[in-house]
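J.: what's the 3D shape of this:
(chains A and B)
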2 protein chains.
Amino acid sequence: MFQDISYKPIGIIHTHYKDITGMPIQPSGADGVSGTIILKPELTSGLKDIEGFSHIILIYHFHLATGYKLEVTPFMDRKPHGLFATRVPLRPNPIGISTVKLLKTEHNVLYIEDVDIVDGTPLLDIKPFFEKFDNRNCSRNGWLDNNRTLNISEIKSDNRFR
Amino acid sequence: MFQDISYKPIGIIHTHYKDITGMPIQPSGADGVSGTIILKPELTSGLKDIEGFSHIILIYHFHLATGYKLEVTPFMDRKPHGLFATRVPLRPNPIGISTVKLLKTEHNVLYIEDVDIVDGTPLLDIKPFFEKFDNRNCSRNGWLDNNRTLNISEIKSDNRFR
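T.: Numbers count the residues shown, from 1 in each chain, chains lettered A, B, ... in the order given. Next up, the predicted model:
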């Protein structure tokens, strides 16, 4: 049950963020930021009909992350929280998820927008975003409920998780 | 860039679904279905403050999946689509995501609801769901827009992806 799991990247995400500091910290803080995905050419037929979706979920590997701490202070707060109550990239399995806009595809290239991802990130999976199934009306948003005035577009990453 | 990526499960998801046929196919089709997560005890402090969230995102390994096809007919449609335009479990990297309700935690055990996951599934990561950042108003939901009468709670998995 606890044996190692091995994945191979299905493609690479390219953006103009060459460094993990000064980056937007969520897609909603990366309004209009464009990027591309170069999918492995042999997987191209898996993109059929994906242009019908305005949004896709990217699952990727935080390839610059090394190690983790179980209590961390995220970019969006001043208090420490348990790692699993945050989106901090330094995790036991450094997996990131971002829901981005899909603009168009050309062969094995996907043109995306609202991208909060560093250049060269290995992509693990792409899933369509279904508004009907993926949106939630949450009764509680944890420590974020105490930060109602938070303006996500004003917060950028710093080097605390390098 | 394309080197193998290795992860270790952080815990195991337990549900009453012992078989992958006859299961709900999305959390929204699993209304009220309960489950538990047994986190590795040494990671317990990473759960601090997580009870403040009504919903959490589980990232897990489809451990029963073997192989994939690039064009598939999903449970929710009668037409084939590109794999990446579907949530079908047989994928190059068989990673699943589900946003579930978090009821409570006790030490390293999380009690969850709306669970569309088979018993014994290895868990890779837990992230808090932030309504403000994770919901999307989609202009297009692909082939699902043609299935407006779809009642997700009436659709169950069959054995097509075994």
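J.: what bridges to the closest residue to residue A:51 other than its chain neighbours?
T.: Nearest residue to residue A:51 in three dimensions, chain neighbours excluded: residue A:105, at 5.7 Å (C-beta to C-beta, 6 or more residues apart in numbering or on different chains). C-betas here are computed from N, CA, C, even on glycine. Bridge pairing for residue A:105 (DSSP bridges) gives the partners residue A:110.
J.: quick one: contacts for residue A:105?
T.: Applying C-beta atoms under 8 Å, 6 or more residues apart in numbering or on different chains, we find residue A:105 in contact with A:47, A:50-51, A:111.
J.: quick one: the helices in chain A?
T.: For chain A, the helices defined by DSSP state H cover A:131-134.
J.: roughly how far apart are the most centrally placed residue in chain A and chain B?
T.: By C-alpha atoms, centre = their mean, the mean C-alpha position of chain A lies nearest to residue A:98, the distance being 3.1 Å. Residue A:98 sits 10 Å away from chain B, going by C-beta to the nearest C-beta, to the nearest Å.
J.: Quick check: that residue touching residue A:55?
T.: No. If you go by C-beta atoms under 8 Å, residue A:98 and residue A:55 don't touch, sitting 10.2 Å apart.
J.: If I look at the residue nearest to residue A:51, what pLDDT would I see?
T.: Per-residue confidence (pLDDT) for residue A:105: 98.
J.: Residue A:148 now?
T.: Looking at residue A:148, its pLDDT reads 69.
J.: which regions of chain A sit below the pLDDT cut-off?
T.: For chain A, the stretches flagged by pLDDT under 70 are A:148.
J.: Would you state the strands of it in chain order?
T.: Taking DSSP state E as the criterion, chain A carries its strands at A:5-7, A:11-14, A:34-39, A:55-61, A:71-72, A:81-82, A:95-106, A:109-113, A:121-128.
J.: Residue A:34: what's its closest spatial neighbour, skipping adjacent residues?
T.: Using C-beta to C-beta, 6+ apart and skipping residues adjacent in sequence, the residue nearest residue A:34 is residue A:113, 5.2 Å away.
J.: quick one: that neighbour and residue B:77, what's the gap?
T.: 27 Å (C-beta to C-beta, to the nearest Å).
J.: List buried members of the contacts of residue A:105 by neighbour count.
T.: Neighbour counting over the contacts of residue A:105 (16 or more other C-beta atoms under 10 Å in any protein chain shown) leaves A:47, A:50-51 as the buried ones.
J.: wait, residue A:1 sits on residue B:11?
T.: No. Using C-beta under 8 Å, residue A:1 is not in contact with residue B:11; the gap is 9.7 Å.
J.: Fine by me, we can end here.
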